[in-house]
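> need the 3D shape of this:
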Amino acid sequence: MHSKNIPKFHLEGQVVLVTGSSRGLGKAIAFALGDAGAKVALNYWNDSTTANETLAQFKAAGYAGEMFRGNVIDETDVNRMCGEIVTKLGSIDTLVINATPDQPHKPIEEYDWAFHQSMLDFFVKSPFLLTRATLAHMKEQRHGHIINITSEVFHRGVGNFSPYVAAKGAQIGWTRSMAMELAPWNITVNAVAPGWIPVERHANDAQSDKDGYETLIPMGNFGTPSDVGGAVVFLASEAARFITGQSIHVNGGTTVY
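Residues are numbered from 1 along each chain as shown. Model prediction:
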C-alpha cells in the first residue's frame with residue numbers, strides 16, 4: 001500500500017540562499033528552486049550587469065526572490081548579506097553553497113600556495129562562514145538543509161588540478177562531519193557533485209577537451225545545468241528528509257566503478 005501522504009517536491013514557504021547564482025550552474029539551481037516555489041536569495045560579487053539581467057529573467061519567470069551582493073569568503077560581508085536576506089525575504093531555511101572562482105589546469109610546479117589558499121577559501125572557509133551565519137534559525141526550528149556543490153574531481157582524482165581537487169575533498173569531508181553534528185536538529189547536510197557540465201565560463205574551452213570528456217560519460221552525452229538544479233531541489237525537499245551526509249553525483253555515470 002502506498003501512503004497518500006508521500007512527500008512532495010515543493011518548496012513553498014522556504015527561503016533559500018544560492019551563492020554564486022548570477023550565471024552558470026548557480027543560476028540554473030536558483031531557477032529550479034524558484035520553480036519549486038521557494039523564495040530565492042540569489043548572490044553575486046563582481047558582475048552587477050549580469051546579476052541584474054539574471055534577476056530580471058528570474059522575476060519575468062514569475063519566481064519569488066531578490067539578488068544580493070556579497071563576498072562569500074569575507075566574514076563581515078557574509079554576516080551583512082545574510083542579515084539583509086532575513087530582512088527582505090525571511091530567515092534562511094536552506095543554504096546552497098555554490099560560488100566558485102576560476103580553476104585552471106596546471107602541473108604542480110606552476111601553482112603557488114596563494115592559489116591553493118584561494119581554493120580553500122571558497123570551498124572550506126565559505127561553507128564555514130555561511131553555515132555559521134545561518135545555523136541559529138535552522139537549529140531553532142529544528143529543520144534545515146545545507147547543500148554543498150562539490151565536484152566529481154575528488155572521486156576521479158583528476159590530475160593537473162591538485163589545489164581544486166584537494167579543496168573539493170576537504171569540502172566533502174566537511175559535509176560528512178557536519179551531517180553527523182547537525183543530525184540531532186533534523187538539519188540535513190549533503191553534497192551535489194556535478195561532472196563537467198559546460199556553462200558560460202567553458203565557452204572558450206577546446207572542443208577536443210569536450211569531446212574527450214564526453215567519451216568518458218557512460219550515458220554518452222553531457223548533462224545540463226538543470227540536471228544539477230533537479231538534484232538540489234530534491235535535497236531541499238521533504239522527499240529527502242532522511243538523507244544526510246551523502247554526495248549525489250550528477251555526471252551520467254562517470255564515477256561508477
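
> now do the helices in the stretch 1-150 of the chain.
24-35, 48-60, 75-88, 113-120, 126-141 (DSSP state H, counting those that start in this stretch).

> for these, give me TSV that also has distance to residue 175 and mean neighbour count.
No exception for glycine: its C-beta is placed from N, CA and C like everyone else's. Formatted as TSV, the helices of the stretch 1-150 of the chain follow (distance: least, C-beta to C-beta, whole Å; neighbours: other C-beta atoms under 10 Å):
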stretch	distance to residue 175	mean neighbour count
helix 24-35	16	25
helix 48-60	27	15
helix 75-88	18	16
helix 113-120	15	15
helix 126-141	8	18
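
> can you lay out those helices as TSV showing distance to residue 177 and mean pLDDT?
Converted to TSV, these look like this (distance: least, C-beta to C-beta, whole Å; pLDDT from 0 to 100):
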stretch	distance to residue 177	mean pLDDT
helix 24-35	23	98
helix 48-60	33	98
helix 75-88	20	98
helix 113-120	16	97
helix 126-141	11	98
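
> right, so of those, which gets closest to residue 227?
Among the helices of the stretch 1-150 of the chain, the nearest to residue 227 by C-beta to C-beta is helix 24-35 (8.5 Å).

> compare the helices of the stretch 1-150 of the chain and give me the one nearest residue 174.
helix 126-141 (6.0 Å).

> give me the contact list for the closest one.
17, 19, 72-75, 78-79, 82, 86, 91-93, 95, 97, 99, 144, 146, 148, 171, 174-175, 178, 182, 185, 187 (C-beta atoms under 8 Å, 6 or more residues apart in numbering).

> where does the stretch 101-250 of the chain dip in pLDDT?
The model of the stretch 101-250 of the chain has pLDDT under 70 over residues 202-203.

> among the contacts of helix 126-141, name the ones in strands.
Counting by DSSP state E, these place 17, 95, 97, 144, 146, 148, 187 in strands.

> out of these, which comes closest to residue 194?
For these, the nearest to residue 194 is residue 148 (11.5 Å; C-beta to C-beta).

> re earlier: how about the ones in strands among the contacts of helix 126-141 in TSV, adding distance to residue 219 and neighbour count?
Shown next, in TSV, are those (distance: C-beta to C-beta, whole Å; neighbours: other C-beta atoms under 10 Å):
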residue	distance to residue 219	neighbour count
17	31	29
95	30	28
97	27	28
144	33	25
146	29	27
148	24	26
187	33	24
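
> now, which of those residues sits nearest residue 105?
Nearest to residue 105 among those, counting by C-beta to C-beta, is residue 148 at 22.2 Å.

> which residues does that closest one form beta bridges with?
residue 97, residue 191 (DSSP bridges).

> correct me, but it touches residue 171?
Yes. Taking contacts as C-beta atoms under 8 Å, residue 148 lies within contact range of residue 171: 5.5 Å.

> what is in contact with these two at once?
Joint contacts of residue 148 and residue 171 (C-beta under 8 Å, 6+ apart) are 127, 191.

> residue 207: neighbour count?
Neighbours of residue 207 under the rule other C-beta atoms under 10 Å: 7.

> out of the helices of the stretch 1-150 of the chain, the one nearest residue 210 is which?
helix 24-35 (16.0 Å).

> could you give the separation of the closest one from the chain centroid?
10 Å (C-alpha atoms, centre = their mean, to the nearest Å).

> wait, which of the helices of the stretch 1-150 of the chain is closest to residue 252?
Comparing those by C-beta to C-beta, helix 24-35 comes nearest, at 15.3 Å.

> same for that closest one, what does it pack against?
Packing contacts for helix 24-35, counted by 3 or more C-beta pairs under 8 Å, 6 or more residues apart in numbering; DSSP states H and E, involve strand 15-18, strand 39-44, helix 48-60, strand 64-69, strand 94-97, strand 144-149, helix 225-236.

> need the CA coordinates for the third one. CSV is fine.
Extracted C-alpha coordinates of helix 48-60, given in CSV (Å, rounded to 0.1, in the frame of the first residue of the first chain):
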residue,chain,number,x,y,z
SER,A,48,26.4,43.7,-11.5
THR,A,49,25.3,43.8,-15.1
THR,A,50,25.0,40.1,-15.4
ALA,A,51,23.4,39.9,-11.9
ASN,A,52,20.7,42.5,-12.9
GLU,A,53,20.0,40.6,-16.1
THR,A,54,19.6,37.3,-14.2
LEU,A,55,17.3,38.9,-11.7
ALA,A,56,15.1,40.4,-14.4
GLN,A,57,14.9,36.9,-16.1
PHE,A,58,14.1,35.3,-12.7
LYS,A,59,11.3,37.8,-12.0
ALA,A,60,9.9,37.5,-15.6
